[in-house]
Each structure stands twice: as C-alpha cells, then as structure tokens.
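Asker: sequence isn't available, so here's the structure alone:
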C-alpha cells in the first residue's frame, strides 16, 4: 500500500490489485448487490477479478460493518478556573510636600513659644528676659503662648509619616530608617548644647560628663537621667511609639492590623492611668498615644480612603486629646486657655484631613523638601542655645528682631547640620547597618495587602 501513513480513501489502491492466494488481511470478495455497482472507493471504477488469486474489491454498499469505535480522546485535565486578578494597588499619589511645610511650621511655633511664650519667660526677673515677656511684646506673647501645640502636631505627623514610610518594608528596614533619621542630628545636638552650656554658664545648669555621655544613647529618660536639653523629652515618646509599632511592622502592615493596633493601644492608654502599673503607663504612653493614633488613622484615610471606622478612631482620638490638652495647660503651661489651644489643634486636624483626602496634592513646591529637612535639627538646637543668646543680647537689640533673628539663624545652622553632618553620617550608618544585617542572613519576606 502506498503512503500507509495517510488516512481515508488514499489507503485504497486506485486499480484492482491481485494478491496471489489471498492474504487473509482483507475480507473475501462479496457479490455485488443487485442494482448497485461495486466501485473502487478511490477512483469509482468497478472492481473486477483478474482470473487468479483474490481481487481486492471495495465492500458492497449494503454490507454492514460495525461502526468503528471513535479514537480515544486524549485525556485532558479540566481547565483550572481562571485566577482572580490581584487587587489593583491604590493609585500613586503625589509626594506630600505639604507635610514638610507643616513640620517646619510646628518647629517654628515651638521655638517661638520657648523664646517668648512660656510661663518661665513671663515671670519677673527670669533668666531669659529678666522681666515678663508679656510686658515687652504683649502681642507676640499672646500668640506664642499657644506654640506648645507644635509638639502635639509633631506627634500626629509622626504617626502619619512613620506608617507611610514603613508600609511594605521589613522590620530591619524600619529599624535602619529610624536610626539614620534620629541619631546623626541628635548626636550633634547633644555635643553642641553641651559645648554651649560649658562656654556660657550662669543661665542653665551644665550637665556632667557622665550625663552628657548617657544622653548620646537617647535613652536617658528611661534611666531618670536629666536631658542635656529640655526639648529631648519628646524623643522618649517617639522611641516608645517606634518600639511598639515595630511589632506591627514585623507582622506585616495591613489595614486591619493597623486598625487593631490603634484600638488596642488606645484601650491601654485609657486603662493605664488607673491601673497603678508603672510598666503599663510606660508602654501605653497615655499623654502621647492618642496623637500618634490620630496620625495612623489619617494615613489609613490617605491610603485606603475614608470610612466610618477611621472617622470613629479619629473622633475618639480628638476627644482624648482635648482632655490631655487641658491637663497640660493646668499642670505645665499655665499661659494659654483650653478653648484657644483646642481650637488650634482642631484646625490642624481638619487640615490633616484635607491632606489625607487629597485636597492638598496640588501643592508641589519642591523647596519644601529642604524646609522639612531643617525641622529636626532646628528643634534639637533651638531652646538652650536660643535662650542663652537672649540672656546675653536682650539689652542690645529690639526683642522682636532678636527673636526673629534667632529663628532665622537657627534655620541656617540647621541647614548646615543637615548637609555637613546628617547626610554624610546617615549614609555611613546605613551602609554599616545594612552590612551588619546581611551577616544575619536573609529574613523571610511577608506580603502585605495594598
């Protein structure tokens, strides 16, 4: 047979073929049915015997053969259901330059308060002005008396920015980012302030060498060692927040986990004051927790959109904050009213809601990045050095010009600290810590929800 590999009619020869003796491979010839011709299946010609052997003929038309079994179908696995497409990540938002502006505004507000709005500066024969600052600059004093709210603003922004900066990052990345952000400028601030206190005695107490060295750790508040500069007390709240939030970062940040963290930490902050447990008070930080929680809720609004749960967390944080504001006025500040301070704080929270909902995305002034980078160094160096400068220059310059000049000069010095100290030291720290963590081996990565 020709082209045995072909199927169908081509398997039959085009003309009769005689196979001597018969091969037994084909059925014997059958007589044609009456009225019908047996014709070659390929050519249509009648198949006739040739006289010897068996002629190969096509089967008659009325011969019934069993229907051939269909070829077994290839066993194909059932197609798997199509996988659901991964959730689309939230649309990329523009950089929040306005956050840098708010941070700088808060730092200037705190400095103005320390220079011209504290209870200490408004007493007779004080070491800063020697007479009540409200007698020297009454209008400036009334405004500066509320500048301490800048610390609460810092805490809210810290909750917002920390959650944003560590989303989707490993715990080691979070740790490294906090170390390189906090310590280089802080180390310079401790050394700078210690030198100023040593060079210009008589205004504030000079720290001992032991205390100054311990301050370099940033853990002095935990050991009840005096701060070299009074403004360092806020860093203790920041460190506790970072340590607690690191647990959530290690578990993998998701909307649900951050919400649960806000609820649990808020509950601890409410229970801590009446618990009689110093460790719980240390952990819960009832004086600062609700500001950080407000920042976290605002960031979740920014990333996932607003919902009733987040509004509830933000509202509860505001209710708790108004009580803390009142207690701080009664116990520490004594220079501003509760209504005025709460109004300033509320306006700030409303502004941050506008930030979270995207109403400020249009402000894309890149110079604000530099402005924001000055905030931390300025906050660290302004108080002790600035008040000592006022003590020595108060009778030689107009007080308003003196305050404004100290703020501008502090910002210039902060820029130099950022460029000459913070940036190069941060790079060295980052490289060294990254190499150190590389020696520990790879850590299992966690996928976090968008």
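Answerer: That came through fine. The structure displayed is predicted, hence computed values, not measured ones.
Asker: what about residue 206, which SS state?
Answerer: coil (DSSP: H, G, I helix; E, B strand; the rest coil).
Asker: run a quick neighbour tally on it.
Answerer: Number of residues near residue 206 (other CB atoms under 10 Å) recorded here: 17. Every C-beta, even on glycine, is put in place using the N, C-alpha and C of the backbone.
Asker: just residue 278 next, same as before
Answerer: For residue 278, using other CB under 10 Å, the count is 9.
Asker: report pLDDT for it.
Answerer: Listed pLDDT for residue 278 reads 92.
Asker: and the helix or strand harbouring residue 247, what does it pack against?
Answerer: Assigned by DSSP states H and E, residue 247 belongs to helix 233-251. Applying 3 or more CB pairs under 8 Å, 6 or more residues apart in numbering; DSSP states H and E, we find helix 233-251 packed against helix 149-165, helix 171-199, helix 255-275, helix 278-284.
Asker: moving C-terminal from the longest one, which element do we reach first?
Answerer: Past helix 171-199, further along toward the C-terminus, the next helix or strand under DSSP H and E is helix 209-215.
Asker: about what we covered before: for the helices and strands packed on helix 233-251, which one sits closest to residue 437?
Answerer: If you check each of the helices and strands packed on helix 233-251 against residue 437 by CB to CB, helix 171-199 wins as the nearest, at 4.8 Å.
Asker: got the buried residues for the closest one?
Answerer: 171-178, 180-190, 192-194, 196-197 (16 or more other CB atoms under 10 Å).
Asker: quick one: closest of the helices and strands packed on helix 233-251 to residue 315.
Answerer: Once the helices and strands packed on helix 233-251 are compared by CB to CB, helix 255-275 is nearest, at 11.9 Å.
Asker: average model confidence for the closest one?
Answerer: In this model, helix 255-275 has a mean pLDDT of 95.
Asker: how far off helix 149-165 does it point, in degrees?
Answerer: 140 degrees (axes from the mean of the first three to the mean of the last three CA atoms, to 10 degrees).
Asker: give me the helices and strands touching helix 255-275, please.
Answerer: helix 233-251, helix 278-284, helix 289-304, helix 308-328.
Asker: which outside residues touch that helix?
Answerer: By CB atoms under 8 Å, 6 or more residues apart in numbering, the surrounding residues in contact with helix 255-275 are 163, 244-245, 248, 251, 280-281, 283-286, 289-290, 293, 296-297, 300, 303-304, 309-310, 313, 316-317, 320, 449.
Asker: quick one: it to chain centroid distance?
Answerer: Distance of helix 255-275 from the chain centroid (CA atoms, centre = their mean, to the nearest Å) equals 20 Å.
Asker: buried stuff in that helix?
Answerer: 255, 257-259, 261-262, 265-266, 268-270, 272.
Asker: next: stretch 314-332.
Answerer: For stretch 314-332, by 16+ other CB under 10 Å, it's 314, 316-317, 320-322, 324-325, 328-329.
Asker: what residues does it touch?
Answerer: Counting by CB under 8 Å, 6+ apart, 148-149, 152, 266, 269-270, 286-287, 290-291, 293-294, 297-298, 301, 336-338, 341-342, 345-346, 349, 353 sit against stretch 314-332.
Asker: which of these are buried?
Answerer: Neighbour counting over these (16+ other CB under 10 Å) leaves 148-149, 152, 266, 269-270, 286-287, 290-291, 293-294, 297-298, 301, 336, 341-342, 345, 349, 353 as the buried ones.
Asker: got a list of what residue 397 touches?
Answerer: residue 405.
Asker: confidence score at it?
Answerer: 91.
Asker: now tabulate the helices and strands packed on helix 255-275 in CSV and tack on distance to residue 434.
Answerer: CSV is the format used below for the helices and strands packed on helix 255-275 (distance: least, CB to CB, whole Å):
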stretch, distance to residue 434
helix 233-251, 17
helix 278-284, 30
helix 289-304, 26
helix 308-328, 35
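Asker: who wins for proximity to residue 118 among those?
Answerer: In terms of CB to CB, the element of these nearest to residue 118 is helix 308-328, at 12.8 Å.
Asker: following element in sequence after that closest one, please.
Answerer: In N-to-C order, the element after helix 308-328 by DSSP H and E is helix 338-356.
Asker: what's that following helix packed up against?
Answerer: Helices and strands touching helix 338-356, by 3+ CB pairs under 8 Å, 6+ apart, are helix 97-116, helix 149-165, helix 289-304, helix 308-328.
Asker: give the buried residues for whichever helix or strand comes after it.
Answerer: The helix or strand immediately downstream of helix 338-356 is helix 367-373, counting by DSSP H and E. Neighbour counts over helix 367-373 (16+ other CB under 10 Å) mark 368, 371-373 as buried.
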